[in-house]
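*Asks:* curious how this folds, go ahead:
(one chain, ligands or ions: 2)
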Amino acid sequence: MRVVNLSSGSDGNLTYLESQGSRILIDAGLSCRGIETRLSLLGVSGTQIDAILITHEHSDHIRGVDVFASKFKTKIYAHRDGWDALSRKLQRISNTQKFPFTSAPFQINDLTITSFKVPHDSACCVGFSIESENKRISICTDLGTISDQILSNIYGSQLVYLEANHDIEMLKNNINYSASLKHRILSSRGHLSNIASAQAIEKLFKNGTKRVVLSHLSKENNTPGLAYETVKTILEARGIVIGEDFFVDVASTLPGKIYKIT
Ligand SMILES: [Zn+2]
Ligand SMILES: [Zn+2]
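*Replies:* Residues are numbered from 1 along each chain as shown. Ligands and ions are numbered 1, 2, ... in the order given. Here you go, the predicted model:
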């Protein structure tokens, strides 16, 4: 498998994954043109995309889905419980393009995909664990909280895109955010802080994961350096040496590293 995040955060989320027999997107929160431009950097065209997996119906995850999927006749996979909310926003795609899934694993060509619900405040929000040739990557953003039960779905992944949305103090001190918005983000159905992300990463490390990409960083309440240093400090206090025992990268609004999972 090859996987690359092409945009992360509230301006738009877009991840591309390819295997021997599949090319898929996970979320498509840029405009259709934006998606095509970023795919072209990889030499991939819209017609080559087999499917888009949707985590949830917030616009930073689906902004370009309607136009892209109606242009390229792409199949759209989303959890059964999220389709009512999604269908209201995706009015150009036909019913034959809609593929509802449940918590049971499903196949797209050679990929085995397992979804799991996460508590984020949307109609239905899921994370994904995607497997091919006994290798697994997981995408787990827009969380709020991350329980051991959620983590159990991603243990053993070679690579995890994990939310590290905000620094709690930056968020609390942000004079541009209303009290209610701060409350929403900090709640168990909002977004995951750098500290909570680090605590989850320690558990991932103990269960075999060697690399995470900190994802869905807030532009206003976090910086890549702060997210990285917070995670590094917490893990190193537990004796986990970053760059030796474990690897941490940070996703941004620009295309990130391409990972080959072999
Ligand atoms: Zn969301
Ligand atoms: Zn989001």
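*Asks:* Lys219 contacts Ser8, correct?
*Replies:* No: applying CB atoms under 8 Å as the test, Lys219 and Ser8 come out as separate, 10.9 Å apart. For glycine as for every other residue, the C-beta is placed from the backbone atoms N, C-alpha and C.
*Asks:* show me which of the two is the more surrounded one.
*Replies:* Here Lys219 and Ser8 are compared on neighbour count by other CB atoms under 10 Å; more neighbours surround Ser8, at 28 against 11.
*Asks:* the nearest residue to that one once chain neighbours are set aside: how many residues sit nearby?
*Replies:* Spatial nearest neighbour of Ser8, excluding adjacent residues (CB to CB, 6 or more residues apart in numbering): Ala251 at 3.7 Å. As a burial measure, Ala251 scores 28 neighbours (other CB under 10 Å).
*Asks:* residues contacting the residue in the chain that ligand 1 sits nearest to?
*Replies:* The shortest separation between the chain and ligand 1 is 3.5 Å, found at His58 (distances taken as CB to the ion). Applying CB atoms under 8 Å, 6 or more residues apart in numbering, one finds that His58 lies in contact with 122, 142.
*Asks:* can you list contacts of the helix or strand that contains Gln149?
*Replies:* Applying DSSP states H and E as the criterion places Gln149 in helix 148-152. Contacts made with helix 148-152 from outside it, assessed by CB under 8 Å, 6+ apart, are listed as 116, 118, 127, 140, 143, 200, 203-204, 207.
*Asks:* quick check on His166: phi, psi?
*Replies:* Here is the backbone geometry of His166 (degrees, to the nearest 10): phi -150, psi 160.
*Asks:* and what of Leu25?
*Replies:* Reported as degrees, to the nearest 10, the phi and psi values for Leu25 are phi -110, psi 150.
*Asks:* read off the pLDDT value for the residue nearest to Ser8.
*Replies:* pLDDT for Ala251: 98.
*Asks:* surely it and Leu217 touch.
*Replies:* Yes: between Ala251 and Leu217 there is a contact at 7.2 Å, judged by CB under 8 Å.
*Asks:* between these two, what contacts are shared?
*Replies:* In terms of CB under 8 Å, 6+ apart, Ala251 and Leu217 are both contacted by the residues 8-9.
*Asks:* tell me the contacts of the residue nearest to Ser8?
*Replies:* Here Ala251 is in contact with 5, 8-9, 161, 213-217 (criterion: CB under 8 Å, 6+ apart).
*Asks:* now secondary structure too, for those residues, in a markdown table please.
*Replies:* Conversion of these to a markdown table gives the following (DSSP: H, G, I helix; E, B strand; the rest coil):
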| residue | secondary structure |
| --- | --- |
| Asn5 | strand |
| Ser8 | coil |
| Gly9 | coil |
| Tyr161 | strand |
| Val213 | strand |
| Leu214 | strand |
| Ser215 | strand |
| His216 | coil |
| Leu217 | coil |
